[in-house]
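1. Just need the structure, nothing else, for what follows:
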Amino acid sequence: MVLRRDNRAQGPGTPARSQPAARHAGDTRLGAARHLNPRHRPVWLKVTTAVVAVVLLGGLAFAGYWYFRLQMNISSSALGAGSNKTDTVDDATGRLQILILGSDTRDGKNSGYGTADDSKGYGKSDVMMLMDISEDNKRVSVVSFPRDLLVDIPRCTDQKTGKEFPARTGVMINEAMGEAGIGCAVDTVNKLTGLEVDHFMMADFNAVKELSNAVGGVEVCISDAVYDPDSRLRLPKGKSQVQGEQALAYLRTRHAFADGGDLGRIKAQQGFLSSLTRKIKDDGTLSDPVKMLNIADVVTQNLTVDEGLSSVPAMITIGNRLKTIDVSKVAFVAVPTVPAASDPNRLEPAQPAASQLFAALKKDIDLTDPDGKQSPSPSASPKPTTPAAPSATPTPTTPAAPYDKSLQPVTVANGTAVPTRAQEIVDALVTGGFTQTGQLEAGPTPKTVVYYGTDFADVAADVAALFGIPASQVAPSPGVSGVQLYLGADFASGSKYGKASVPKDIVNQTAKDATCQTANPELIVAAGAG
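-> Residues are numbered from 1 along each chain as shown. Predicted coordinates for the structure are as follows:
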């Protein structure tokens, strides 16, 4: 049995009423309580309520329309082509590496730029850049890969058809996605750099035209008036605005800049992106919802991304991170290259500069200020088992007698997996006075150790000091004749242990810099020429 609350003022079993309502109801002269009757609300309140409701519903409908439209625009593809990568990075707070690709496919709206034979399969990557967003969200490095760069492409599987393609050696990097898709380009960049790409974005020719139109043109600069008949790029001397077909021609031209090679083209592309970044920032586009919706609509219609980035919230997250970064901390660089030994018309990574760049990226170095703050050094790795486990360096009981550095045998064993690393260290030893040097074949090891034979403790200590190797990593080994510097993966670049070395003048420009490109002398035309 349920017992009702006993309200003595109203009698048992009667629901309680608030006191004001009871007063009104108890006095028949007042009639019904006016503030409880919707028919007697003031006209202004009814109108205001209706307007607010319409605005809210309209806003929700507008937001829903754009969310649905943008989401339907997005196309996606697999991140890898057999790499089994698991995405564990928090896009909002973690360090992000996004591969940006420009496809030369001639499908659909791009059919006017050649024939289907010009881009078979998935097409080639006309542009390839790696955007690296630091974990503290204070800087961005944009690394360009020349399309003529010869690399090793790993075994890739087409995620749509399941067809497997064998690994290839000495192939132009822009061919990586031609057979097995975008994921193969991602796996190739991972293999080349030792990094791990988190996302990719691929745009086609039409994206460049539409985006440049959406922002009202992009300012570029060139040293002389130029005309390239292949791309149909025509520019006057000095500054000019390019958009639509002209913007696409500017980014695609192979011959208009510098000596007509790929490196001049890369610098021009980086200059274009720097100018575009400044314009978007200066125009307040990132804080203008109407402009942003227009740009988002244009971009998503011509963009393919990986599955982890294939939602509007995911792309908004990336955009929110980029809009807060100082343009002076957006660094544009290119992979250091030299003419390839197998084909002087192609390029290969220049060593040790390329390895130094990739090592600096791994350690999250600020490329605009390489001597500034950097991430802490990796934690100590397990001790190597060859040629002997390191032990504490014995403390000499008496000062060591002076010796002649040029007479001390010092060998370098390369366990870094970087082919040119031993020679780089040998050169540093010779500069430091140790001229009797040699190199040894060595298996990979995680940690660098300086081993020494009998009576060479003082020499080993000086070799370690030359490179800043801790005393705890200097150890006796009876089987060593003289001193052996066994290089590990923790010392794969630079001249000082624990600190990555950044190649000199690696930054071509920052997004803050307004640069003027050098015209290819062979394509310079007279001012006003038709």
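
2. Residue 251 belongs to a strand, doesn't it?
-> No. Residue 251 sits outside any strand when classified using DSSP: H, G, I helix; E, B strand; the rest coil, being helix.

3. Correct me if wrong: it contacts residue 102.
-> Yes. Counting by CB atoms under 8 Å, residue 251 does reach residue 102; the two are 7.5 Å apart. Yep, even glycine has a C-beta here, placed from its N, CA and C like the rest.

4. Check the contact lists of those two and give me the overlap.
-> Residues touching both residue 251 and residue 102 (CB atoms under 8 Å, 6 or more residues apart in numbering) are 127, 208.

5. State the mean pLDDT of stretch 306-325.
-> Here stretch 306-325 scores 86 as its mean pLDDT.

6. Export only the CA atoms of it, formatted as PDB.
-> The C-alpha coordinates for stretch 306-325 follow below in PDB (Å, rounded to 0.1, in the frame of the first residue of the first chain):
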ATOM      1  CA  ASP A 306      42.900   8.500 -45.900                       C
ATOM      2  CA  GLU A 307      40.100   7.000 -43.900                       C
ATOM      3  CA  GLY A 308      41.300   8.500 -40.700                       C
ATOM      4  CA  LEU A 309      40.800  12.000 -42.100                       C
ATOM      5  CA  SER A 310      37.600  11.300 -44.000                       C
ATOM      6  CA  SER A 311      35.200  13.200 -41.800                       C
ATOM      7  CA  VAL A 312      34.400  16.900 -41.400                       C
ATOM      8  CA  PRO A 313      35.300  17.000 -37.700                       C
ATOM      9  CA  ALA A 314      38.700  15.400 -38.400                       C
ATOM     10  CA  MET A 315      39.500  18.000 -41.100                       C
ATOM     11  CA  ILE A 316      38.300  20.800 -38.900                       C
ATOM     12  CA  THR A 317      40.700  19.600 -36.200                       C
ATOM     13  CA  ILE A 318      43.700  19.900 -38.600                       C
ATOM     14  CA  GLY A 319      42.500  23.300 -39.700                       C
ATOM     15  CA  ASN A 320      42.200  24.600 -36.200                       C
ATOM     16  CA  ARG A 321      45.700  23.600 -35.400                       C
ATOM     17  CA  LEU A 322      47.200  25.300 -38.500                       C
ATOM     18  CA  LYS A 323      45.400  28.600 -38.000                       C
ATOM     19  CA  THR A 324      47.300  29.400 -34.800                       C
ATOM     20  CA  ILE A 325      50.800  28.800 -36.100                       C
END
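
7. Run through who's touching it.
-> Stretch 306-325 is contacted by residues 67, 70-71, 74-79, 87, 91-92, 96, 98, 133, 137-140, 182, 186, 198-201, 281, 286-287, 296, 300, 305 when judged by CB under 8 Å, 6+ apart.

8. How about it, which residues are buried there?
-> By neighbour count on 16 or more other CB atoms under 10 Å, the buried set for stretch 306-325 is 306, 308-312, 314-315, 317-318, 321-322, 325.

9. just stretch 152-163 next, same as before
-> Using 16+ other CB under 10 Å as the test for burial, stretch 152-163 gives 153-154, 156-159.

10. same question, stretch 344-351
-> By 16+ other CB under 10 Å, the buried positions in stretch 344-351 come out as 346-351.

11. Kindly export it (C-alpha atoms) in CSV.
-> The C-alpha coordinates for stretch 344-351 follow below in CSV (Å, rounded to 0.1, in the frame of the first residue of the first chain):
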residue,chain,number,x,y,z
PRO,A,344,72.6,12.3,-64.5
ASN,A,345,69.1,13.4,-65.6
ARG,A,346,67.7,12.1,-62.4
LEU,A,347,68.4,12.8,-58.7
GLU,A,348,69.4,10.8,-55.7
PRO,A,349,69.6,11.8,-52.0
ALA,A,350,72.7,13.8,-51.2
GLN,A,351,74.5,12.2,-48.3
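
12. Residue ranges in the chain under the pLDDT threshold?
-> Scanning the chain for pLDDT under 70 picks out 1-69, 83-88, 104-121, 372-401, 527-530.

13. Can you pull the domain assignment for it?
-> With domains defined by automatic domain parsing, the chain comprises 41-73, 75-362, 405-491.

14. Just put the ones you listed in a markdown table and tack on distance to residue 510.
-> Output for the domains of the chain, formatted as a markdown table (distance: least, CB to CB, whole Å):
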| stretch | distance to residue 510 |
| --- | --- |
| domain 41-73 | 30 |
| domain 75-362 | 5 |
| domain 405-491 | 28 |
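
15. out of these, which comes closest to residue 513?
-> In terms of CB to CB, the element of the domains of the chain nearest to residue 513 is domain 75-362, at 6.3 Å.

16. give the contact list for the closest residue to residue 414 other than its chain neighbours.
-> Once flanking residues are discounted, residue 414 sits nearest to residue 422: 3.9 Å by CB to CB, 6 or more residues apart in numbering. Neighbour list for residue 422: 412-414, 439, 487 [criterion: CB under 8 Å, 6+ apart].

17. Mind picking the two most distant members of those?
-> Using CB to CB, these span at most 10.4 Å, a distance reached by 439 and 487.

18. list the residues that contact both of those two?
-> Common neighbours of residue 439 and residue 487, using CB under 8 Å, 6+ apart, are 412-414, 422.

19. Tabulate those (TSV), appending distance to residue 435 and secondary structure.
-> Converted to TSV, the shared contacts of residue 439 and residue 487 look like this (distance: CB to CB, whole Å; DSSP: H, G, I helix; E, B strand; the rest coil):
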residue	distance to residue 435	secondary structure
412	13	strand
413	18	strand
414	19	strand
422	16	helix
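
20. Could you export the residues you listed to CSV, including columns for distance to residue 209?
-> Formatted as CSV, these follow (distance: CB to CB, whole Å):
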residue, distance to residue 209
412, 53
413, 55
414, 49
422, 50
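
21. End to end on stretch 169-184, go ahead and measure it.
-> 14 Å (CA to CA, to the nearest Å).

22. which residue packs closest to residue 216, ignoring adjacent ones?
-> With CB to CB, 6+ apart as the criterion, residue 216 has its nearest non-adjacent residue at 7.2 Å, and that residue is residue 243.

23. what's the neighbour count on that neighbour?
-> Neighbour count of residue 243, defined by other CB atoms under 10 Å: 19.

24. ditto for residue 356
-> For residue 356, the tally of surrounding residues (other CB under 10 Å) stands at 25.

25. Tell me the spacing between residue 405 and residue 240.
-> Remark: distance between residue 405 and residue 240 (CB to CB, to the nearest Å) = 60 Å.

26. actually residue 224, not the one I typed
-> Distance of residue 224 to residue 240, given as CB to CB: 13 Å.

27. Over to residue 70?
-> For residue 70, the distance to residue 240 - CB to CB - is 32 Å.

28. who's more crowded, the two?
-> Neighbours per residue, other CB under 10 Å: of residue 70 and residue 240, the larger number sits with residue 70, 19 against 16.

29. Brilliant, that's me finished.
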